[in-house]
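> Provide a 3D model corresponding to the input given below.
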Amino acid sequence: MTTATLTRTSAQRRDLGALTGALYVLFFVASLVIAGALGPSGTVTPYSSDAEVQAYRLKDPARLDDLFRILGLLQGLSALALLAFVPCLTAFVRRYGSDAAAGMVRALATVAGALLLLSASTSWVLAQISSKAELSTYRAVSDLSIPSDCGDLLSGQLQGGVGAVVVLVVDRTLIPTYAV
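As a prediction, the model looks like this:
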């Protein structure tokens, strides 16, 4: 290989890394916006009574099914983009930080991507079972999606998510120069 080939390949990988990072953010933000726009009013939590959960899921079942399908798709695409972005992010931290910091970023971002993928899967399952399932089944799947939403927290909702992890891990003297 020539030097020009190595440079071109390196630039293509960097562009792919930037693209996957941007797609991750785009799909993740779209899932948050669409959930707020299409979701029925009110929320249910694992602490809600059975009557509240039943009323919520029967309020507009078709709309709720559509919402869960769209959320599953957008969160799944976001998770895949995040998992594809992990090597680029790890290389960035390794270049401007340390190997230990890069390992921590790789582990946290991979766990965040896996949990986000689990959250997308539970959204898809909720769309499939919707109002046809027994309340106990619906609640079990719904409650499973709550811990998997930790992937959402790790990946985007905690003060900048993975970007914040990079800023915390990279040497403080480099933050003003390289943090975006």
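> Can you classify residue 115 by secondary structure?
What DSSP: H, G, I helix; E, B strand; the rest coil gives for residue 115 is helix.
> Measure how buried it is and give me the count.
20 (other C-beta atoms under 10 Å). Just so you know, the C-beta spots here come from the backbone N, C-alpha and C atoms, and that holds for glycine as well.
> Distance check, it against residue 54.
Counting by C-beta to C-beta, to the nearest Å, the separation of residue 115 from residue 54 is 28 Å.
> Also residue 42?
Separation of residue 42 from residue 54 (C-beta to C-beta): 12 Å.
> Neighbour count: the two, which is higher?
residue 54 (16 against 10).
> need the contact list for the closest residue to that one other than its chain neighbours.
Closest residue to residue 54 apart from its sequence neighbours, by C-beta to C-beta, 6 or more residues apart in numbering: residue 135 at 5.8 Å. Contact analysis of residue 135 by C-beta atoms under 8 Å, 6 or more residues apart in numbering lists 50, 53-54.
> Could you give me the buried positions within stretch 22-39?
By 16 or more other C-beta atoms under 10 Å, the buried positions in stretch 22-39 come out as 23-25, 27-28, 30-32, 35.
> from the residues you listed, which has minimum pLDDT?
Among the buried residues of stretch 22-39, residue 35 has the lowest pLDDT, at 80.
> how about the strands in this protein?
Here the chain has no strands by DSSP state E.
> correct me, but residue 122 touches residue 138?
No: between residue 122 and residue 138 there is no contact under C-beta atoms under 8 Å: 11.2 Å.
> Who has more neighbours out of these two?
Neighbours per residue (other C-beta under 10 Å) separate residue 122 from residue 138, with residue 122 holding more: 23 against 20.
> if we can go back for a sec, rebuild the contacts of residue 135 as JSON lines, extending it with pLDDT.
What follows is the contacts of residue 135, written out as JSON lines (pLDDT from 0 to 100):
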{"residue": "50", "pLDDT": "86"}
{"residue": "53", "pLDDT": "83"}
{"residue": "54", "pLDDT": "85"}
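> out of those residues, who's nearest residue 85?
When the contacts of residue 135 are ranked by distance to residue 85 (C-beta to C-beta), residue 53 comes first, at 35.4 Å.
> Cheers, nothing more for now.
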